[in-house]
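Engineer: Got a predicted structure here, sequence first:
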Amino acid sequence: MNHHDILAATGLSEQELNGGTLAVFSPIDGAEIAKVKETAASEMPAVIAKSQAAFKAWRKLPAPRRGELVRILGEELRASKKELGALVTLEAGKIVSEGLGEVQEMIDICDFAVGLSRQLYGLTIASERPGHKMSETWHPMGPCGVISAFNFPVAVWSWNAALALVCGDPVIWKPSEKTPLTAIACMKIMDRAVKRFGADAPEGLVQLVIGGAEIGEALVASKDVPIISATGSTRMGGIVGPKVMARWGRPILELGGNNAMIVAPSADLDMAVRAIVFSAVGTAGQRCTSLRRLIAHHSIREELVERLAKAYASLPIGDPRQSTTLIGPLVDHGARDRMLAQIEKAKAEGGKVQGGRTVTTNVPQGGAYVEPALVEMPRQTDTVREETFAPILYVLGYDTLEEAIEIQNDVPQGLSSCIFTLNVREAETFLSAVGSDCGIANVNIGPSGAEIGGAFGGEKETGGGRESGSDAWKGYMRRQTSTVNYSSELPLAQGVKFDL
Ligand code: NAD
């Protein structure tokens with residue numbers, strides 16, 4: 001489909017596509033595909049006030065009823081999967097199956113959240129005092145601001161929105177300024193769900209604001225937005241996190257990663273090669289969980305690099321709309337330039353580079369297409385320690401597992417990690433307290449492509465936030481501990497006496 005057909009299929013109106021001044025470009029060929037209307041900073045107080053008003057109504061609705069809205073949202077997403085997936089391809093440059101996969105992830109989190117809406121469990125706790133009962137209850141927290149990155153333009157919103165909505169929180173979404181069209185399309189889908197749900201959904205329950213950092217900052221600065229879930233670079237998180245904390249809000253930070261795979265001597269190399277290629281070059285290396293560092297045992301390093309170089313040489317690079325393409329474009333030329341600059345820096349540090357060149361033949365002109373790079377490094381240098389949001393895979397060697405784990409952990413980021421081994425001692429050591437320091441640690445699976453059922457997020461400069469599955473929902477609610485005295489005495493805890 002051409003750009004026009006993809007846009008037409010989403011049902012976006014002429015006003016939505018061309019009613020403003022924020023230019024939107026397709027990474028496929030760099031063409032300007034829309035000029036959308038930006039939210040003015042002066043509109044933000046009204047947006048936030050509307051969200052606060054919505055909160056007062058939404059928190060009173062029983063959680064299973066709130067879940068019904070998310071169930072309908074899941075239905076609407078199923079019905080729009082093809083069109084929204086194609087728009088992700090057009091606006092973010094993902095290959096077709098990854099665009100569709102991203103929408104599937106939205107559907108999955110809706111299903112998860114619907115079940116959760118009947119399972120926002122608290123605790124009963126044994127009281128030390130006779131005739132007393134202690135319990136813990138989870139209550140809605142208030143408006144949740146969602147600031148999202150370009151590389152998962154729709155899934156990250158749904159991870160947050162589906163949970164926030166069942167937890168009783170309204171949502172204000174500020175998508176990346178590079179991907180506002182997919183956000184507008186999601187809001188249309190959301191609006192359809194709200195309409196079907198009926199009058200129980202207050203006005204302003206889910207709102208979209210469009211713009212750059214200054215619009216995000218309006219959410220970050222407001223005491224009336226108690227939760228800020230921000231996904232993006234560590235640079236952004238370093239600004240947003242402290243600002244939210246300074247006004248006693250709750251930040252959920254999902255920031256950069258520098259994900260590694262350790263390949264042990266016993267590893268199934270066929271499987272390892274497939275996992276490495278998908279996680280290092282999939283989404284053109286633009287996933288927060290993309291594989292960036294390969295830590296291979298010296299005994300197999302050479303063979304592994306040879307096999308990877310062979311696999312890399314045959315990868316179809318090109319138009320992400322074609323079903324045979326596996327590597328689409330980088331988001332823009334700036335991203336390509338940063339990749340090339342990092343490769344030069346790695347070379348200066350002793351790196352031996354294969355690939356990593358700009359591709360201009362058999363690709364749409366105007367897009368930023370690159371060969372993925374394999375860079376053998378003499379050691380883990382400062383350049384390797386940085387996250388470069390592009391398909392560069394640094395290869396390092398090791399002798400002992402202890403050394404491999406040390407290299408794996410010796411970076412500022414702590415998102416995702418994995419080991420390929422058939423040795424149970426090595427696998428369990430990697431997963432133990434002395435193993436990987438990341439939020440995600442896998443065995444015989446690459447570091448990218450998480451399922452929504454687990455809590456997603458990472459440590460250190462990745463920000464410490466958790467989203468999606470497991471008990472990540474607790475980040476969207478406030479916890480209340482209650483003690484009820486149903487006796488006729490008033491004993492104090494810890495045996496304290498205070499007789500009047
Ligand atoms: P980015 O940091 O440039 O932008 C992310 C979002 O933050 C955008 O919406 C942007 O407008 C907003 N923003 C920027 N500065 C802000 C400020 N001062 N106040 C408020 N909002 C501000 O990131 P990007 O280039 O869009 O995305 C790539 C980065 O995101 C990579 O580092 C990647 O690892 C990370 N990422 C992390 C996860 C995760 O779950 N850990 C997921 C996806 C992407």
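Structural biologist: It's in.
Engineer: Show me the helices in the stretch 251-400 of the chain, by range?
Structural biologist: 269-281, 298-313, 333-348, 382-385 (DSSP state H, counting those that start in this stretch).
Engineer: Write out the residues of the stretch 251-400 of the chain neighbouring the ligand.
Structural biologist: Counting by Cβ under 6 Å from any ligand atom, the stretch 251-400 of the chain comes close to the ligand at E254, L255, G256, G257, C288, E387, F389. Every residue, glycine included, has its C-beta placed from N, CA and C.
Engineer: nope, the stretch 1-150 of the chain is what I was after
Structural biologist: Applying Cβ under 6 Å from any ligand atom, one finds that the stretch 1-150 of the chain approaches the ligand through I147, S148, A149, F150.
Engineer: what's around the first one, how many residues?
Structural biologist: A count of nearby residues for I147, using other Cβ atoms under 10 Å, gives 29.
Engineer: Would you confirm that S482 contacts W138?
Structural biologist: No. Using Cβ atoms under 8 Å, S482 is not in contact with W138; the gap is 11.8 Å.
Engineer: which of these two has more neighbours?
Structural biologist: W138 (19 against 11).
Engineer: Show me what the more buried one is bridged to.
Structural biologist: R479 (DSSP bridges).
Engineer: Tell me the spacing between it and S158.
Structural biologist: 21 Å (Cβ to Cβ, to the nearest Å).
Engineer: Check F430 too.
Structural biologist: For F430, the distance to S158 (Cβ to Cβ) stands at 31 Å.
Engineer: the more surrounded of those two?
Structural biologist: The residue with more neighbours, out of F430 and S158, is S158; 29 against 23, by other Cβ under 10 Å.
Engineer: Just the element for the more buried one, please.
Structural biologist: Following DSSP states H and E, one finds S158 within helix 155-167.
Engineer: Restrict that helix to CA atoms and write it as CSV.
Structural biologist: This file holds the C-alpha atoms of helix 155-167, laid out as CSV (Å, rounded to 0.1, in the frame of the first residue of the first chain):
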residue,chain,number,x,y,z
ALA,A,155,2.1,-0.4,22.6
VAL,A,156,3.6,1.6,25.5
TRP,A,157,0.5,3.7,25.7
SER,A,158,-1.7,0.6,26.0
TRP,A,159,0.5,-1.0,28.7
ASN,A,160,-0.1,2.1,30.8
ALA,A,161,-3.6,2.9,29.8
ALA,A,162,-5.1,-0.5,30.1
LEU,A,163,-3.8,-0.9,33.7
ALA,A,164,-4.4,2.7,34.7
LEU,A,165,-8.1,2.5,33.5
VAL,A,166,-8.9,-0.7,35.5
CYS,A,167,-7.1,0.8,38.5
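Engineer: ok now it, how far from the chain's centre?
Structural biologist: How far helix 155-167 lies from its chain's middle: 12 Å, per Cα atoms, centre = their mean, to the nearest Å.
Engineer: Same check on stretch 107-114?
Structural biologist: Taking mean C-alpha positions (Cα atoms, centre = their mean), stretch 107-114 and its chain are 16 Å apart.
Engineer: And it, what's buried?
Structural biologist: I107, D108, I109, C110, F112, A113, V114 (16 or more other Cβ atoms under 10 Å).
Engineer: quick one on the thing from earlier: helix or strand right after the helix holding S158?
Structural biologist: strand 171-174.
Engineer: tell me which parts of the stretch 401-500 of the chain are close to the ligand?
Structural biologist: Within reach of the ligand by Cβ under 6 Å from any ligand atom, the stretch 401-500 of the chain has these residues: L415, T462.
Engineer: Helices along the stretch 401-500 of the chain, start to end?
Structural biologist: 401-409, 424-431.
Engineer: Which elements pack onto the longest one?
Structural biologist: By that I understand helix 401-409. If you count contacts as 3 or more Cβ pairs under 8 Å, 6 or more residues apart in numbering; DSSP states H and E, helix 401-409 packs onto strand 259-263, strand 291-297, strand 392-398, helix 424-431.
Engineer: do that again at 10 Å, thanks
Structural biologist: Packed against helix 401-409, as judged by 3 or more Cβ pairs under 10 Å, 6 or more residues apart in numbering; DSSP states H and E, are the following elements: strand 259-263, strand 291-297, strand 392-398, strand 416-420, helix 424-431.
Engineer: who's in contact with N485?
Structural biologist: Residues in contact with N485 (Cβ atoms under 10 Å, 6 or more residues apart in numbering) are S127, R129, P130, G131, H132, K133, P491.
Engineer: Tally up the residues packed near the residue nearest to T360 when sequence neighbours are not counted, please.
Structural biologist: Spatial nearest neighbour of T360, excluding adjacent residues (Cβ to Cβ, 6 or more residues apart in numbering): Y369 at 7.3 Å. When neighbours are counted by other Cβ under 10 Å, Y369 registers 27.
Engineer: Would you check that Y369 makes contact with D332?
Structural biologist: No. Assessed by Cβ atoms under 10 Å, Y369 is found out of contact with D332, at 11.7 Å.
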